[in-house]
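In: 3D model of this:
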Amino acid sequence: MSAHTDTLDVRIYYQDTDCGGVVYYGNFLRYFEQGRTHWLETLGLSVKSFMDDGILFAVVHAELFYRSPARYGETLTIATTLKEMRAASFTFAHEIREKASGRLVVEGSARLVAVDTQGKLVKLPRALRERLEKGSR
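Out: Next up, the predicted model:
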């Protein structure tokens, strides 16, 4: 769907790793989140402003495919692309590579839904849909 791919570099610190110096698997979901937030910010969208308006985003599905280990001290590049948009949800594709070598570390996706402050599903706000559509061209 989207032609707009945004990248974000993150450095791996000791706190991100297990006792062997390899990134703990759960942290890749956190990196995906950072990539999505950065992607939205490059379009001038603020997750905080939607929160202030009572619209929250909840991950309802996430997939990760581990391709190679990432280690303490490396820098990763997170590439994020909008893959699909529906009335109340959107899906991002993520690819994480080790920056220096370009080695593929993890690829996956996450689908988010819009909910109100009580957790009830709502349609994506019009302003968000319009910006996402612009970003997908």
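In: only C-alpha atoms from now on, for both contacts and neighbour counts.
Out: Fine.
In: pLDDT on stretch 6-17, on average?
Out: What stretch 6-17 shows for mean pLDDT is 96.
In: ugh, wrong one, I meant stretch 105-116
Out: For stretch 105-116, the mean confidence score works out to 97.
In: can you list contacts of that stretch?
Out: Residues outside stretch 105-116 that contact it (CA atoms under 8 Å, 6 or more residues apart in numbering) are 28, 32, 54-70, 88-98, 121-124.
In: try 7 Å
Out: By CA atoms under 7 Å, 6 or more residues apart in numbering, the list of residues contacting stretch 105-116 from outside reads 54-70, 88-98, 121-124.
In: quick check: buried residues in that stretch?
Out: Going by neighbour count (16 or more other CA atoms under 10 Å), the buried part of stretch 105-116 is V105, V106, E107, G108, S109, A110, R111, L112, V113, A114, V115.
In: kindly report the same for stretch 55-68.
Out: Taking 16+ other CA under 10 Å as the basis for neighbour counts, the residues of stretch 55-68 that come out buried are I55, L56, F57, L64.
In: low-confidence ranges in the chain?
Out: Counting by pLDDT under 70, the low-confidence segments of the chain come to 1-3, 135-137.
In: neighbours of E33, how many?
Out: Each residue near E33 was counted by other CA atoms under 10 Å, and the total is 17.
In: ok, it - contacts?
Out: Taking CA under 7 Å, 6+ apart, one finds nothing in contact with E33.
In: just the helices in the protein please.
Out: Across the chain, reading from the start of the chain, the helices by DSSP state H fall at 27-42, 47-52, 126-135.
In: spatially nearest residue to R36 (excluding sequence neighbours)?
Out: The spatially closest residue to R36, leaving aside those adjacent along the chain, is T80, at 6.4 Å (CA to CA, 6 or more residues apart in numbering).
In: and for V106?
Out: Of all residues beyond its chain neighbours, the one nearest V106 is Y66 (4.6 Å), with distances taken as CA to CA, 6+ apart.
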